[in-house]
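**Student:** quick one, structure for this:
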Amino acid sequence: MTVEEPSRPLPAVADAIVVGGGTAGSIVAARLSEDPTRSVLLLELGPDYGADPANWPVEFTDSFASAPDSHSGVHACESGANGRRLPLPRAQLIGGCSAHNSCGWVRGTMDDYDAWADLGNPGWGWDEVLPVFNRIERDPDFEPPLHGKDGPIPINRIPREEMSAFADAALETSLRGGPLAGVPDFNGRHAESGLSPLPMNTRRGIRWNAALAYLTQTVRARPNLTICAHTLVDTVLLEGNRAVGVRAVDATGIAQAITSRRVVLTAGSYDTPTILLRSGIGPPDELAALGLHCCVPLPGVGRNLRDHCLIPTRFRLTDREMRTGHALIEVLARGRSRHARGTDADLQLIVQCGPIAAGATEMAGGLAAALYQTHSVGSLTLRSADPTAAPRIDHGYLTDAREEEALADALSLARELAGTPPLSTLITEEVLPGPTVRTRSEIRAFIRNNVDTIYHPVGTCKMGAESDQTAVVSARGDVHGVAGLTVADGSIMPCIPTANTHWPILMVAERVADFLLAIV
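**Tutor:** Down below sits the predicted model:
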């Protein structure tokens, strides 16, 4: 039985307000409330299921489940992918998308973070962020200095004997001279090409999300921390160029102003920029077209949207009774396209196994072909000043021709791996794209008609120097031109890491929390 925490009355004042209780917000609220002299208010649109995973809906704790429909605010990508509309679910609950992701625990590379520093963000290079990554994880399989042993999030890899037969056979190809060698650690300094069991943030089969890791019962008992679920934040309140609080609507529909000395936005790469725009912070012409007064002109708000994209593959398997494993994704494969930067791999094959269709007994394997060094850039704009209206989102997929070519290379790699024993011995036929998709034009059409998101949006409040007209926040996460207002989620990433973005977002939240705690 699940037990949702009851909603609390909204207080009138707090020293710090954290807007959004997802992956980043759970961390920032926990970290800021370490100082007993600072009152911290965490506001979340969805419910709060507390510190005990036994009280959570099973779809959020079962590491085999992913992206449930419940508690999801579903946006849509409207164009950029051959005009197709793509659903973009965002988990609305304390814990956010860390409560419904695939549990992939991948960090990115030295070059990813050194590039952030090179773009005008001192303190974000590899040497500075590695210790932050390490203090988050508890990985028993690898040692410092590249891994952490004492962090709040437990990491494990499924043993081969417990994997699906499909994932195990994929790993076996690396031992038999297949196209990809085995890689012991996918979280080294570089993105090496190869196959490896997927590191996962799970504990005894439970998806150990940011809320369970950071908003523990001990943290929740702090008298200076208040968590208010079912609360919609409309705007940041400004006095001149200073943030002085937020306008929020509680669970009963009553709106009120809450004052504070510091507002921290952690609502994610779709909702953080929409709050800024509704508050009059953004491109002046865009705001004027909606009848909104521009308080702080920042043309970069909602721009620089980055996401990883993929194309699906599916293979019919030989055995209806094939072992299916214990996680949604058990193995990853990485390779290089013709457009890979430096020496790092830019392609990822997501090795999966399950029923070929809902309710079917026939099994299928998948090697979803993903691009992890993207080139296209999208944008987010408001449709309306109504806080319940979804924004207009364009991920811009394939607007840079290099992406289509790289995904074609990824498909070629997936087919090569599928044709290598012993994996090939489990496959009876390729279902998707299928045997009719072979020529350059057929592959191009398949990619354009099937490209999809991996749910890794970042960058819509880009971090950079104030002289950079595309930047929204400083290297400390502070919004340019607005005192007392900080962003501490994936929206501040200037470019997307060569990795699933879950762990990098945790790092961003920890890093910005460090900066905020240093403020006297």
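
**Student:** you'd agree His100 is up against Arg90?
**Tutor:** No: using C-beta atoms under 8 Å, His100 makes no contact with Arg90, being 9.3 Å away. All C-beta atoms are positioned from the backbone trio N, CA, C, and that covers glycine.

**Student:** need the residues touching each of the two.
**Tutor:** Common contacts of His100 and Arg90 (C-beta atoms under 8 Å, 6 or more residues apart in numbering): Ser72.

**Student:** specify the beta-bridge partners of Ala369.
**Tutor:** Ile311, Leu349 (DSSP bridges).

**Student:** count the neighbours of it for me.
**Tutor:** Neighbour count of Ala369, defined by other C-beta atoms under 10 Å: 28.

**Student:** enumerate every residue touching it.
**Tutor:** 310-313, 347, 349, 407, 410-411, 413-414.

**Student:** now with 10 Å?
**Tutor:** 309-313, 333, 335, 347-350, 406-415, 433, 447 (C-beta atoms under 10 Å, 6 or more residues apart in numbering).

**Student:** what does Arg207 give?
**Tutor:** 53, 56, 59-66, 95, 98-103, 200-201, 327-328.

**Student:** where does Val236 land in three-state SS?
**Tutor:** State at Val236, reduced to three classes by DSSP: H, G, I helix; E, B strand; the rest coil: strand.

**Student:** how far away is it from Val479?
**Tutor:** According to C-beta to C-beta, to the nearest Å, Val236 and Val479 sit 9 Å apart.

**Student:** what do these two both touch?
**Tutor:** Joint contacts of Val236 and Val479 (C-beta under 10 Å, 6+ apart) are 243, 263, 265, 276, 279, 281, 485.

**Student:** can you say which of those are buried?
**Tutor:** 243, 263, 265, 276, 279, 281, 485 (16 or more other C-beta atoms under 10 Å).

**Student:** what strands flank the longest strand along the chain, and is each parallel or antiparallel?
**Tutor:** Assignment by DSSP state E gives strand 255-265 as the longest strand of the chain. When sheet partners are counted by DSSP bridges, strand 255-265 sits next to strand 13-19 (parallel), strand 242-249 (antiparallel), strand 485-487 (parallel).

**Student:** following element in sequence after the last one, please.
**Tutor:** Same thing as strand 485-487. Where DSSP states H and E defines the elements, the next helix or strand beyond strand 485-487 is helix 502-517.

**Student:** so which bits of that following helix are buried?
**Tutor:** 502-513, 515-516.

**Student:** can you tell me which of the contacts of Ala369 are in strands?
**Tutor:** Those of these lying in strands (DSSP E): 309-311, 333, 335, 347-350.

**Student:** from these, which is closest to Arg107?
**Tutor:** The shortest gap between Arg107 and any of the ones in strands among the contacts of Ala369 belongs to Gln348, at 13.5 Å (C-beta to C-beta).

**Student:** check what pLDDT the closest one gets.
**Tutor:** In this prediction, Gln348 carries a pLDDT score of 96.

**Student:** from what I can see it touches Leu332, true?
**Tutor:** Yes: at 6.0 Å, Gln348 counts as touching Leu332 under the criterion of C-beta atoms under 10 Å.

**Student:** so Leu290 sits right up against Pro284, yeah?
**Tutor:** No: using C-beta under 10 Å, Leu290 makes no contact with Pro284, being 11.3 Å away.

**Student:** got the CA positions of stretch 461-475 in PDB?
**Tutor:** Output in PDB follows, covering the C-alpha atoms of stretch 461-475 (Å, rounded to 0.1, in the frame of the first residue of the first chain):
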ATOM      1  CA  CYS A 461      19.400  28.200 -19.100                       C
ATOM      2  CA  LYS A 462      23.000  28.000 -20.300                       C
ATOM      3  CA  MET A 463      25.800  28.700 -18.000                       C
ATOM      4  CA  GLY A 464      28.400  31.200 -19.200                       C
ATOM      5  CA  ALA A 465      30.000  34.600 -18.800                       C
ATOM      6  CA  GLU A 466      27.700  37.700 -18.700                       C
ATOM      7  CA  SER A 467      29.200  38.900 -21.900                       C
ATOM      8  CA  ASP A 468      27.900  35.800 -23.600                       C
ATOM      9  CA  GLN A 469      24.400  36.800 -25.000                       C
ATOM     10  CA  THR A 470      23.300  33.200 -25.100                       C
ATOM     11  CA  ALA A 471      24.100  32.600 -21.400                       C
ATOM     12  CA  VAL A 472      21.500  32.800 -18.700                       C
ATOM     13  CA  VAL A 473      23.400  32.000 -15.500                       C
ATOM     14  CA  SER A 474      26.900  32.500 -14.200                       C
ATOM     15  CA  ALA A 475      29.400  29.700 -13.400                       C
END
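
**Student:** buried ones in that stretch?
**Tutor:** 461-464, 468, 471-475.

**Student:** show me where pLDDT drops low in the stretch 51-200 of the chain?
**Tutor:** 65-70, 79-82 (pLDDT under 70).

**Student:** just the strands in it please.
**Tutor:** 72-77, 86-91, 137-138, 153-154, 194-197 (DSSP state E, counting those that start in this stretch).

**Student:** just checking, what packs against the last one?
**Tutor:** Pointing back at strand 194-197 there. Packing partners of strand 194-197 (3 or more C-beta pairs under 10 Å, 6 or more residues apart in numbering; DSSP states H and E): helix 165-173, strand 331-335, strand 347-355.
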